[in-house]
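> Fold the following for me, if possible:
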Amino acid sequence: MKTKIALFLAMAALAAGVRTFAQDTPTHATGKILLLTSERIMEGDVERIGERYRIRRGTSEVWIPADKAICICADHHEAFAQMKSRANLGDADERFRLAKWCMTNNLREQALDEARYALEMRPEHAQTKNLIAILERGLKPKMSAPIPTAAPKAPSRPIVQAPQIDVNAETLSLFTQKIQPILMNTCANCHTDGRGGQFQLYRAGDAGHRAATQRNLAAVLAQLHMQKPALSPLLIKAVSAHGNTQNAPIQSQQGIPYRSLCEWIDRTLATNPHLRERANSAMTASLPESPSTFKTSPTDPLAAVVSRPVARAEVAAAKSKAPNALPKQSGATPLDPSPEPTAIRPASAEQAGPRDPFDPEIFNRQAQPKK
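Residues are numbered from 1 along each chain as shown. Reported below is the predicted structural model:
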């Protein structure tokens, strides 16, 4: 009798468990997760069609027989709830297996909870301890690393406005295509960012390709000898070691880079004659004024007679106002100042020319001759 009662109770408990499982099992017709009987999951657009499940991923499809799957789940959390309902939660091994399943499917918080339950059941289990350590390190908030401060940049040279160089289109085009690449490869390493003296070059990234080209063209023209191109500092420095370098930027005058420079310089000066004219004008303006030029101040009594022929009466009037100053014709040499003024002797009668016959001095001399 007792055996029958125990069997009856066992069958009732089994029926209750089956009924509970059937109530907890999702009955979705579609979803994103298909939980297989092997406890693996397949993700995609899942739909049950007849006795099979179809999983679509983009343009591909996978068909799974219905007896190979447990159910369709909406997401990972629902799949975890289904796995937990199928596990024996009173068994440490089942808890450990459930924790590993959660970890595999990227449910780390649930995995840590299950691993801790398993460790409570058997505190000395090494694998459970290792699993908990791994999960805790992964879930530990990462300390905010200090934001690396950028190294202070070296002060860059001030960007000045690009000069407008008046050359023809052919000169500018040849400079951009042939000459500027040579300068960038041979000179720019030493003649940029304030290094290399007055000959300063700019790379295209410094202020834009066009502006850099204009500045480089101006720098090159400043290194040309307009009258004798072969003596241009640009060509001389190109084939000679200078500064802190041991080798010349261009090794040979027979090389293509040097010949390209020479051809471009000759063509530029031939097709842009105004460059030579400007250089000549600048040279003339920079010459000092000739020391032989005679300058007079506006208050000088000789100023009125310096720029034209001087009459004798004007000379005498000038002498009476400035006894130490002598009239000077245009183009005469400047007077040599003496430390002491020298008295000017009066001109004799013969030097003064014919006298007026009605001069009273002549009459008095005749009437009262000197004794």
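> and the spatially closest residue to His28 that is not a sequence neighbour, what are its phi and psi?
With CB to CB, 6 or more residues apart in numbering as the measure, Ile72 is the residue that lies nearest to His28, at 4.4 Å, once sequence neighbours are left out. Every residue, glycine included, has its C-beta placed from N, CA and C. Torsion angles at Ile72 (phi, psi; degrees, to the nearest 10) stand at phi -100, psi 130.
> Tell me who's in contact with Ile72.
Applying CB atoms under 8 Å, 6 or more residues apart in numbering to Ile72 gives the contacts 26, 28-31, 33-35, 46, 48, 53.
> Now do the helices in the stretch 151-300 of the chain.
Counting by DSSP state H, counting those that start in this stretch, residue ranges of the helices within the stretch 151-300 of the chain are 169-174, 180-186, 204-207, 209-221, 233-238, 256-271, 274-286.
> Let's have the ones you listed in a markdown table, adding mean pLDDT, mean neighbour count and distance to Ile134.
Supplementary listing: these in a markdown table, determined by pLDDT from 0 to 100; neighbours: other CB atoms under 10 Å; distance: least, CB to CB, whole Å:
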| stretch | mean pLDDT | mean neighbour count | distance to Ile134 |
| --- | --- | --- | --- |
| helix 169-174 | 86 | 14 | 66 |
| helix 180-186 | 85 | 17 | 55 |
| helix 204-207 | 61 | 14 | 48 |
| helix 209-221 | 84 | 19 | 55 |
| helix 233-238 | 86 | 18 | 66 |
| helix 256-271 | 89 | 17 | 63 |
| helix 274-286 | 76 | 11 | 77 |
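> which residues touch Thr186?
Neighbour list for Thr186: 238, 249-250, 257 [criterion: CB under 8 Å, 6+ apart].
> of the residues you listed, closest to Phe96?
Lowest distance from Phe96 to the contacts of Thr186 (CB to CB) belongs to Pro249, with 73.3 Å.
> Disregarding residues adjacent in the polypeptide, which is nearest to the closest one?
The spatial neighbour of Pro249 that comes closest, neighbours along the chain excluded (CB to CB, 6+ apart), is Thr186 at 4.0 Å.
> Equivalent analysis for Val220, please.
With CB to CB, 6+ apart as the criterion, Val220 has its nearest non-adjacent residue at 6.2 Å, and that residue is Leu234.
> tell me the average confidence for the helix or strand Ile70 falls within?
Following DSSP states H and E, one finds Ile70 within strand 69-73. Confidence over strand 69-73 (mean pLDDT, whole number) is 90.
> What strands line up against it, and which way round?
strand 30-36 (antiparallel) (DSSP bridges).
> buried stuff in the strand it pairs with?
By neighbour count with 16 or more other CB atoms under 10 Å, strand 30-36 contains the buried residues 31-35.
> and if you look at stretch 105-113?
Within stretch 105-113, the residues that count as buried by 16+ other CB under 10 Å are 105, 107-108, 110-113.
> With stretch 126-143 instead?
Under the neighbour-count criterion of 16+ other CB under 10 Å, stretch 126-143 has 128, 131-132, 135 buried.
> again, but for stretch 47-56
By 16+ other CB under 10 Å, the buried positions in stretch 47-56 come out as 47-48, 53-55.
> Turn the residues you listed into TSV, including pLDDT and secondary structure.
Written out in TSV, the entries for the buried residues of stretch 47-56 read as follows (pLDDT from 0 to 100; DSSP: H, G, I helix; E, B strand; the rest coil):
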residue	pLDDT	secondary structure
Glu47	91	strand
Arg48	90	strand
Tyr53	91	strand
Arg54	92	strand
Ile55	91	strand
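> Phe199: what's it in contact with?
Residues touching Phe199, when contacts are defined by CB under 8 Å, 6+ apart, comprise 187, 191, 219, 222-223, 234, 237.
> Leaving out the residues flanking it, which one is nearest to it?
His191 (5.2 Å).
> ok, back up a step: just put the contacts of Phe199 in JSON lines and tack on distance to Tyr117.
Rendered in JSON lines, the data for the contacts of Phe199 read as follows (distance: CB to CB, whole Å):
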{"residue": "Cys187", "distance to Tyr117": "74"}
{"residue": "His191", "distance to Tyr117": "73"}
{"residue": "Ala219", "distance to Tyr117": "78"}
{"residue": "Ala222", "distance to Tyr117": "83"}
{"residue": "Gln223", "distance to Tyr117": "83"}
{"residue": "Leu234", "distance to Tyr117": "83"}
{"residue": "Lys237", "distance to Tyr117": "82"}
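> Out of the residues you listed, give me the two with the largest separation.
In the contacts of Phe199, two members sit farther apart than any others by CB to CB. They are Cys187 and Ala222, at 13.8 Å.
> Neighbour count for the two, which is higher?
Cys187 (21 against 12; other CB atoms under 10 Å).
> Now do the more buried one, the pLDDT please.
Model confidence at Cys187 (pLDDT) stands at 86.
> for Trp101, same thing?
Among the per-residue scores, Trp101 shows a pLDDT of 91.
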